[in-house]
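*Asks:* Dropping the sequence and predicted coords here.
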There are 2 protein chains.
Amino acid sequence: MKKQFNVTSGPIPGGEKIYVTGSRSDIRVPMRRINLSNTRLDDGEIECNEPVVVYDTSGPYTDPGYSVDLDAGLPHIREQWIEERADTVRLDSLSSEYGRQRLADTSLDELRYSHVCTNPRVAKEGHFVTQRYYAEQGIVTPEMEYVAIRENQLIDRIQTKYEAMAGEPLGANIPRYITPEFVRDEIAAGRAVIPANINHPECEPMIIGRNFLVKINANIGNSPTTSSIGEEVDKAVWAMRWGADTVMDLSTGKHIHETREWIVRNSPVPIGTVPLYQTLEKVQGNTSKLTWELFRDTLIEQAEQGVDYFTIHAGLRWHHVPLTLNRVTGIVSRGGSIIANWCTMFKRESFIYENFEEICQICARYDVGISLGDGLRPGCIHDANDEAQFAELHTLGELTELAAKYHVQCFIEGPGHVPMHKIKANMDEQLAWCNGAPFYTLGPLVTDVAPGYDHITSAIGAAMIGWMGTAMLCYVTRKEHLGLPNREDVREGVITYKLAAHAADLAKGHPAAYFRDYMMSKARFEFRWKDQFHLALDPEKALAFHDQTLPDEGHKEAHFCSMCGEHFCSMRANKSFRKKIQKEMAASCEA
Amino acid sequence: MKKQFNVTSGPIPGGEKIYVTGSRSDIRVPMRRINLSNTRLDDGEIECNEPVVVYDTSGPYTDPGYSVDLDAGLPHIREQWIEERADTVRLDSLSSEYGRQRLADTSLDELRYSHVCTNPRVAKEGHFVTQRYYAEQGIVTPEMEYVAIRENQLIDRIQTKYEAMAGEPLGANIPRYITPEFVRDEIAAGRAVIPANINHPECEPMIIGRNFLVKINANIGNSPTTSSIGEEVDKAVWAMRWGADTVMDLSTGKHIHETREWIVRNSPVPIGTVPLYQTLEKVQGNTSKLTWELFRDTLIEQAEQGVDYFTIHAGLRWHHVPLTLNRVTGIVSRGGSIIANWCTMFKRESFIYENFEEICQICARYDVGISLGDGLRPGCIHDANDEAQFAELHTLGELTELAAKYHVQCFIEGPGHVPMHKIKANMDEQLAWCNGAPFYTLGPLVTDVAPGYDHITSAIGAAMIGWMGTAMLCYVTRKEHLGLPNREDVREGVITYKLAAHAADLAKGHPAAYFRDYMMSKARFEFRWKDQFHLALDPEKALAFHDQTLPDEGHKEAHFCSMCGEHFCSMRANKSFRKKIQKEMAASCEA
C-alpha cells in the first residue's frame, strides 16, 4: 500500500475562484475574486463595494469543484497548446540513463508517483520550442495570452471611481493594460520569461520580467538530515496556496528524483531546480567524481520530468575563485562552492561554463528556462558588491547572449546579503551588463545580526530591489542560517515576500496593484472587518489576531477594535466631525 | 494584600552586563558584552575573538547582582546630578489637582505604587532645567557624557583588525567617535534630544538625533477593552529587555495614573505619553468637556510623575480639518481625531495650538521633551503625502521655534502609511521645515494589504526612512489594525524594529554598528553556532529555531546545519578549496 500524501485544499477565506476566458475556450485563467460587503451610508443608502480580483497561484486545489488526487496529478491544461504547435515528438523512452535506471528499480515502486510519463516530449529535430523562439517569430502563444490576462487582474472591468496613485517606475515601462502582444515583445527582447517546460503541461503560465508584477519564489526540498517526500509535496502546494509564483525544489537528500516527480505532477506553478545538487548526490557528495556527462544526463533527466527552469552556475569561472579568498564568508552558494571546489581540484575551467552552449541546446529542446546562478553572491554584509560578485555578474551578462542565440529564456540570479546603501548598485550593474534579462534576487538581507528574523531582514532588501527593477524575489524564511523551514515557516516566508513584492508593485505604479490597497483602506475606515480579513494577504491570520481579543461575531461589525477601544477610535471620531463640517459647508454654499 | 507583579529578569543569553565608567564614578554606563569563543585555526593555533559590546536598554533587570523589587522601584542614578545643578526645588505637595485627588483616594491604595513621591522636583523660579538649556550655556552635563559613552559602544577599544564598511550617510554628520562636546552641540542646536525629566531620576540617559544611532520606541498601555497594570509593567520591562530605547505608555483604560506611576518608577528608559488621552478619560470620553485647564493639569500631573516626553498634537489647526474630508481614511491619529472633533464642535482654534507657549513653559520646568504629534498623518497608502499631512508638518516646523525659545527639547512625529516611492519626500520636507529637530516616525507601512504582518510592512519603511535620517522609529506590532499586542507581539515588534534601526545604522555608516555584523559573519563562517546565537538580536529565538531540527549539544559544534546538511554546506566546502589555492599561491611565490 502506497503512502498517502495530504495537502491543504479548499478555498482561501473570502475568496471565490473564478476563471477568465481568453480568445479560445481552453485559455481559462484562474483568479481569486474577493467579494466585499456593502457600505451602509449615513443617509441609509447602500453603496455596493466592487470585488477585488487578484491572480491566483494556488491551482485547482482552491477550486471547491475539484477533487484533489495527488496520485493522478493535475489536469494537463497546456497539452493541447503544445500539441497544436506540432513541433515536438514523444520519445519512446526516457533519454536519460539515470531516469531509466530509477524507473527500472522496483524497490522504488512504493515511493514512486504512479503515472510517470515514460514517453516525454522533445523538440522535433531542428526545431526550437521555447516561448522566446515563438515570440521572436512574432507568434502570440496561448501561454502569452494567458499571462497577459493574468497580469491585468481584470483591471479593465473596475467601475469604482477612485484616483489611482502615480508610481515611480524608475525606468520600468509598465503599460496600464497588458496585451498579449506586449508580452510577446518583452519575451522576444529577452526582458521577460515564461517558464513552461513542454513536459509540464499542468503548469499555469506566469511571467517574470521587470515590466510585470513582481513575482516571488519559495524554496522547498528535503535535506539529508530531515523531511520526507510527503512533507515536501505538502510544503510545495502550501507555498502556492499562499502565493508562491514559482517553487524551487532544492532537495539534496534521498529520493530527489522521486520527490521531484511528485512535485511536478502536482504543481500548477513553474518548478525550478539546481541540477548540480542532484548530480553531486549521484556521486555521494564526492566532488572529484563530478563530470560533465553526469551533469548533462541530469539536465535531460530533469527536463524530461518537466522542470521549468534550472539554476545553472555557469558564470563562476576558475579564475574567479581566488577573488573570494579575502571574503569573510567566502562562497556561500551551494552550487558555487561545488564548482569552485571542482575547478580548484582539477585546476581547470568549470565544465558548466565550458559546456554552456550545449546546456542551452538541451534547454531549447524542452523549453527549460535558465536561471543564471550567482555562485559568488555575497554571504554577508562585509562581502557585498565585491570584485568576485561583479566579475561573475559580468560573465552572466555575456552568457545571456549565448542563451539568446539558442532562443533560451533566461534570467539572472542576484544577492544575497547587501546593506541598504549598496542595493542600488546591484540593480544598476545588472541592468548595465545583462542585456535586459530579468533579475531574480535572494532577498537581499540588509543586516546579518538577526537570525530567526531573516524573512524580515531580507524582505527589506527585497522590497527595495523589487522597486528598483528586480522581477522575482526568492523568499527567505525565518529559519534561514539556522535550519530547514517547516510548514509554518514557509507560510510566513511566502506572505512576507508577497507583501514585499506588492510594496514594490505599488512603488512602481502597477495600476492593478493599487486597487487592493484602496479597497482595504476603505473597508478599514468603514469598519467592515470581514472585508479587511478577506482582502489581507493572509486572511486566516488577520482573523485569528483580531479574534484573540474580541472573538464574538458581533465584534466583526463593531466600530472599534481592542487596540484603542470605543472612545479612542479615531476612525469612528471622523464620522462625527465630517458630518458637521459637511453640513456647514453645505449651509455656507446655500447662503 | 497588594497584587504582586512579575517581570522577566536575568541576563540575556551570552551577554555579560558591564558598566563603563565616565569622568566621575557615578557615571556608569551599562553595556552588554557578548563574549565569543576562540577560533581554532587550521595550523592548530588559537585565534581569540574579541567580544562585541552593545549598548544596553534593559536596565538593572539583566544584572545578575540586582534584586528586582518593583515595589521599591529602580535606583535613582541621576539624583545626584540633578541635585548638584542646584536649580530645582522640591515641592511640598503635588501641583496637579488630579494628582492630589488620586493620592487622597484610599480606594486606590491597593493598586498604587507604594512609594509615590509626594514632593516632586520643579525648576526654581526663573530657571530652565532642560538639557537643551545647559547645552546652550556650553555645559556638558553628566547625562551628555553618559550618552556619548553609550553611543560609542567602546569602539575605541576594538583591537580586531577589520576593514570597516563605508556608509552613505545622506547628509548626516556621523563622527567616528562621539565626544560629550559633540553631544552638547547637537542638543544646543536642537538636532538631538535627551529625554530626561528631573522627576525620573531612575532613567538611564539616551539620545535621539540624526547623527546618532537610530533608536526605537515601543508602545504599551492598556485599552478600555483589555489588560491590567501588572501586564503593562511586565510588557514595558519586556520591551526594554529586547531593546526598546524608549517606551510610550498609551494607556486609555482604567487607572491610567496608577499604571503610569508603576511604569515610570520601574523604567530605566525614557517614558513618553500622550497626555490628551488621559485628559479625555477624565471627562469620560466626552470631547465636548475637554478644556485647556484640564489638559494643563494633566501635563503637570504627568510631568511630576516623571514622564520624559509628551506627544503634543499642537500642529493640527482648525483650518486643517477640512483638508482631510476627501481622504480615504480621514484622521487616524487618536489625538488628532480628538482635536479635530473639538475644533469642529466649538468652531474654534485648537486649545493646544493656542496654548503652546504655556505648554513649553511647563515642559521647561521639568525637562519634559515635546514630541510634536502628527495628528494628520496618513492612515493609508492613498492618503500619503497629501496636503493635510504637509500643512500640519509645516506648522510643526514653526512650533519648533517656540520650543527653542523656552529651551525645550523637541522632536517631530511622522507617518504612518507611505508607499516606498513617497518616503523620501517625507524626510526631505521634515529636514526643510523643522529646523533640524529629530524626526520620529511610525513605520511607515509600505502597503495596507498585510494585516497580521504589519510589523514587517512597516519595518520596510522604517529601515528606509531611518537610513534617510529619521532618528527614532516607533515600532508597529503584528497586531496593528487588529487588536492590542500581547507579550510575544511586543517582543517580535521590538526585535523587528531593532533590525530595521540597525540596518539603517549600517547604511549610514555608523562605525560602531558594523562590528557586530562583521563578528557575526565571522562566527558563521567558522561554525561557531553559540556565538551566532549570542550575537543575534534575539539569541533565544535563534537557538530555539536551530534546535528544532538539530537539538543535540554536539550539533552546536557541527560544521553544517539542517538546512543543507553536511555534503552541501557551502561554507564547509570553502575550507577545502581555500587551503589548496593558498598552498598553490605560496608555491608559486617561492618558485
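*Replies:* Noted; the coordinates are in hand.

*Asks:* buried ones in the lowest-mean-pLDDT helix or strand in chain A?
*Replies:* Every helix and strand in chain A was compared by mean pLDDT, DSSP states H and E; the lowest is helix A:570-590, with a mean of 84. For helix A:570-590, burial by neighbour count (16 or more other CB atoms under 10 Å in any protein chain shown) applies to A:Ser570, A:Met571, A:Arg572, A:Ala573, A:Asn574, A:Lys575, A:Phe577, A:Arg578, A:Ile581. (Each C-beta comes from the backbone N, C-alpha and C, glycine too.)

*Asks:* do stretch A:172-182 as well
*Replies:* Applying 16+ other CB under 10 Å to stretch A:172-182 flags A:Ala172, A:Ile174, A:Ile178, A:Pro180, A:Phe182 as buried.

*Asks:* do stretch A:151-167 as well
*Replies:* So stretch A:151-167, judged by 16+ other CB under 10 Å, has buried residues A:Glu151, A:Asn152, A:Gln153, A:Leu154, A:Ile155, A:Ile158, A:Ala164, A:Met165, A:Gly167.

*Asks:* which stretches of the stretch 251-400 of chain A have low pLDDT?
*Replies:* For the stretch 251-400 of chain A, applying pLDDT under 70 flags no range at all.

*Asks:* follow-up on the earlier one: including secondary structure, could the buried residues of stretch A:151-167 go into JSON lines?
*Replies:* Converted to JSON lines, the buried residues of stretch A:151-167 look like this (DSSP: H, G, I helix; E, B strand; the rest coil):
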{"residue": "A:Glu151", "secondary structure": "helix"}
{"residue": "A:Asn152", "secondary structure": "helix"}
{"residue": "A:Gln153", "secondary structure": "coil"}
{"residue": "A:Leu154", "secondary structure": "coil"}
{"residue": "A:Ile155", "secondary structure": "helix"}
{"residue": "A:Ile158", "secondary structure": "coil"}
{"residue": "A:Ala164", "secondary structure": "coil"}
{"residue": "A:Met165", "secondary structure": "coil"}
{"residue": "A:Gly167", "secondary structure": "coil"}
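
*Asks:* Looking at pLDDT only, which of those residues scores worst?
*Replies:* Ranked by pLDDT, the buried residues of stretch A:151-167 bottom out at A:Ala164 (83).

*Asks:* Per-residue pLDDT of A:Lys530, please?
*Replies:* 96.

*Asks:* which of the buried residues of stretch A:151-167 sit farthest apart?
*Replies:* With CB to CB as the measure, no two of the buried residues of stretch A:151-167 lie farther apart than A:Leu154 and A:Gly167, at 19.7 Å.

*Asks:* A:Phe439 touches A:Ile423, doesn't it?
*Replies:* No - using CB atoms under 8 Å, A:Phe439 is not in contact with A:Ile423; the gap is 11.6 Å.

*Asks:* quick one: stretch A:177-194 to chain centroid distance?
*Replies:* Centre-to-centre, stretch A:177-194 and its host chain are 18 Å apart (CA atoms, centre = their mean, to the nearest Å).

*Asks:* Now do the strand or helix carrying A:Lys522: which elements does it pack against?
*Replies:* Taking DSSP states H and E as the criterion, A:Lys522 maps to helix A:511-525. Other helices and strands packing on helix A:511-525, by 3 or more CB pairs under 8 Å, 6 or more residues apart in numbering or on different chains; DSSP states H and E, are strand A:52-55, helix A:487-508, helix A:529-535, helix A:570-590.

*Asks:* Listing partners with orientation, what would you give for the shortest one?
*Replies:* Spelled out, it's strand A:52-55. strand A:28-34 (antiparallel) (DSSP bridges).

*Asks:* Check the average confidence over the strand it pairs with, would you?
*Replies:* 98.

*Asks:* got the angle between it and helix A:511-525?
*Replies:* 20 degrees (axes from the mean of the first three to the mean of the last three CA atoms, to 10 degrees).

*Asks:* what does the following helix or strand past strand A:28-34 contact?
*Replies:* Of the helices and strands lying after strand A:28-34 in sequence (DSSP H and E), the nearest is strand A:39-40. The set of residues external to strand A:39-40 that reach it, using CB atoms under 8 Å, 6 or more residues apart in numbering or on different chains, is A:Ile46, A:Glu47, A:Asn49, A:Lys522, A:Glu526, A:Arg528.

*Asks:* nearest to chain B, of the residues you listed?
*Replies:* When these are ranked by distance to chain B (CB to the nearest CB), A:Lys522 comes first, at 5.8 Å.

*Asks:* contacting residues for that closest one?
*Replies:* Applying CB under 8 Å, 6+ apart to A:Lys522 gives the contacts A:Thr39, A:Asn49, B:Val328.

*Asks:* Including neighbour count and distance to B:Ile465, could these go into CSV?
*Replies:* Below are those laid out as CSV (neighbours: other CB atoms under 10 Å in any protein chain shown; distance: CB to CB, whole Å):
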residue, neighbour count, distance to B:Ile465
A:Thr39, 17, 33
A:Asn49, 18, 32
B:Val328, 22, 22
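
*Asks:* ok, which residues in the stretch 151-300 of chain A are in contact with chain B?
*Replies:* Within the stretch 151-300 of chain A, the positions near chain B by CB under 8 Å from any CB of the partner chain are A:162-163, A:165, A:167-168, A:223-226, A:252-253, A:277, A:280-281, A:284-285, A:287.
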